[in-house]
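>>> build me a model:
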Amino acid sequence: MNITLTVNGKKRTAEISPDDFLLETLRSLGFKSVKRGCDTGSCGLCTVLVEGKPVLSCSYLSARADGHEVTTIEGAGEEAKKVASALVGEGVEQCGFCSPGLVLSILGMKKELGSGATDDQIKNYLNGNLCRCTGYEGQLRGIRQYLEV
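Next up is the predicted model:
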C-alpha cells in the first residue's frame, strides 16, 4: 500500500506493508537519525513528532502517519539547537545516540506543557527516554533552563 506523509516539510510517498512501523519507513526514506533501540517502545531512541506530538516510531504503524506531518531531528531546526545548548550548558555529557529522541520529546513537551512545567511533570513526560551516559539531574537542569527561555 502507498502512503503519503510530510516529513520535515517535504511531501514523501512510501510503499509499505500494513504491518510496517514508522521507524522502518522513515529509515527507508533516508532518515537515519531515527534510531532503532529496543523495538518495544521502552527506550525513546526512535522518537519522532507526528503533528507536533512525540511518538515512538518503533511501535507506531506507518499507515497511521498517512496524510500527517512527521518531524525528525533534521526538521527541528533552531529549536533543537536551543535544547542542545541548554543541555550542554548544564554539563550533560552525552554520546549523542539518544539525543535526537530526547530533544524531540523535549520539544513536544514544551508545546504541550508550556514553560511552567514542574519537575514531576518533566520527569513523567520523559519517562522512557533512556540515556546510559549521564545522570538525569543534569538533563533536568538543562530542560528547566530551556523551558524558561
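
>>> where does the chain have low pLDDT?
Regions of the chain meeting the criterion pLDDT under 70 are absent.

>>> let me see the ranges of the strands in it.
2-7, 10-15, 47-50, 53-56, 69-71 (DSSP state E).

>>> could you dump the ones you listed to a markdown table with distance to residue 137 and mean neighbour count?
Yep, even glycine has a C-beta here, placed from its N, CA and C like the rest. Shown next, in a markdown table, are the strands of the chain (distance: least, C-beta to C-beta, whole Å; neighbours: other C-beta atoms under 10 Å):
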| stretch | distance to residue 137 | mean neighbour count |
| --- | --- | --- |
| strand 2-7 | 34 | 16 |
| strand 10-15 | 38 | 12 |
| strand 47-50 | 21 | 25 |
| strand 53-56 | 22 | 20 |
| strand 69-71 | 28 | 21 |
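
>>> just tell me which of those ends up closest to residue 109.
strand 53-56 (7.6 Å; C-beta to C-beta).

>>> columns distance to residue 122 on top of the strands of the chain, output as CSV?
Below are the strands of the chain laid out as CSV (distance: least, C-beta to C-beta, whole Å):
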stretch, distance to residue 122
strand 2-7, 28
strand 10-15, 32
strand 47-50, 15
strand 53-56, 13
strand 69-71, 20
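
>>> to residue 112, which of the ones you listed lies closest?
strand 53-56 (7.2 Å).

>>> buried residues in the lengthiest helix in the chain?
Longest helix of the chain, by residue count under DSSP state H: helix 99-113. Counting neighbours by 16 or more other C-beta atoms under 10 Å, one finds that the buried residues in helix 99-113 are 99, 100, 101, 102, 103, 104, 105, 106, 107, 108, 109, 110.

>>> if anything else comes up later, I'll come back, but that's it for now.
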